[in-house]
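**Student:** Sequence first, predicted coordinates after that:
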Amino acid sequence: AQKVTQAQTEISVVEKEDVTLDCVYETRDTTYYLFWYKQPPSGELVFLIRRNSFDEQNEISGRYSWNFQKSTSSFNFTITASQVVDSAVYFCALSEAKDSGGSNYKLTFGKGTLLTVNP
Amino acid sequence: ETGVTQTPRHLVMGMTNKKSLKCEQHLGHNAMYWYKQSAKKPLELMFVYSLEERVENNSVPSRFSPECPNSSHLFLHLHTLQPEDSALYLCASSQRGLAGGYTDTQYFGPGTRLTVL
């Protein structure tokens, strides 16, 4: 069965600090997808990134970067020079891909990490 | 409108009321989802519609009744709810992939905050 663990329930930092949000996943499949979503106080889940299990390249997008390590089943998310607007709950999610003809639409979400960035 | 929209954003209802939540996606997707997000619980998938056909009913009580009249609209009809049904209800959409397989990115709406008195 799939499982996503976000061990950090809450993190509080001061603006301009770097912060890393941890995500550890469990799956028996060799093909799967990992996601990060941001949920600001408004409630909407905002898609940030999707990574498939065959692509272990780290990715950087502005102040955001992601470190995917299959060896440790982790997909960690780092925000560099954090800003107050980064305050939100961040969710890591896992979806297992099925064979052709099958389908998998089920996202398994972690419980989320509440990030508070103080001025 | 862009993305996924949901109305109303907030809803307060009594246990004997009947109400409906509406979701509309402007992304040209062919699959839509209802999720429930309760305090301190992971997101729970409730229903999935693909090409307007319900493909998932995740053991949801019958007091929740989904409807998908076309690929752009999704409704959740509510009746005789319980206080424990108070939650944020999120709608999402995605594009179903080839040969039926779809592990595609789901895009979410802003949610409806439901309070049942």
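**Tutor:** Ah, there it is. Bear in mind the structure is a predicted one, so any value in this text is a computation, not a measurement.
**Student:** can you list the weak-confidence ranges in chain A?
**Tutor:** A:98-104 (pLDDT under 70).
**Student:** Just give me the neighbour total for A:S65.
**Tutor:** 17 (other C-beta atoms under 10 Å in any protein chain shown). (Each C-beta comes from the backbone N, C-alpha and C, glycine too.)
**Student:** Using the three-state scheme, assign it.
**Tutor:** strand (DSSP: H, G, I helix; E, B strand; the rest coil).
**Student:** Strands of chain A, start to end?
**Tutor:** Ranges of strands within chain A are A:3-5, A:10-14, A:19-21, A:24-26, A:32-39, A:46-52, A:59-61, A:64-69, A:74-79, A:88-96, A:108-109, A:113-118, based on DSSP state E.
**Student:** Give me the sheet partners of the longest one and which way each runs.
**Tutor:** Right, strand A:88-96. According to DSSP bridges, strand A:88-96 forms sheet pairs with strand A:32-39 (antiparallel), strand A:108-109 (antiparallel), strand A:113-118 (antiparallel).
**Student:** okay, those strands in TSV with distance to B:K40 next?
**Tutor:** Listed next are these as TSV, based on distance: least, C-beta to C-beta, whole Å:
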stretch	distance to B:K40
strand A:32-39	14
strand A:108-109	13
strand A:113-118	11
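**Student:** Take those strands and lay them out in a markdown table including distance to B:G28 and mean neighbour count.
**Tutor:** Listed next are the strands paired with strand A:88-96 as a markdown table, based on distance: least, C-beta to C-beta, whole Å; neighbours: other C-beta atoms under 10 Å in any protein chain shown:
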| stretch | distance to B:G28 | mean neighbour count |
| --- | --- | --- |
| strand A:32-39 | 20 | 21 |
| strand A:108-109 | 25 | 20 |
| strand A:113-118 | 32 | 17 |
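**Student:** Which of these sits closest to A:F77?
**Tutor:** Distance to A:F77, taken as C-beta to C-beta, is lowest for strand A:32-39 among the strands paired with strand A:88-96, at 5.3 Å.
**Student:** which residues are contacting the closest one?
**Tutor:** A:23, A:25, A:45-53, A:66, A:68, A:75, A:77, A:88-97, A:107, A:112, B:103, B:105, B:108 (C-beta atoms under 8 Å, 6 or more residues apart in numbering or on different chains).
**Student:** And stretch A:59-66, what's buried?
**Tutor:** Residues A:64-66 are the ones in stretch A:59-66 that count as buried (16 or more other C-beta atoms under 10 Å in any protein chain shown).
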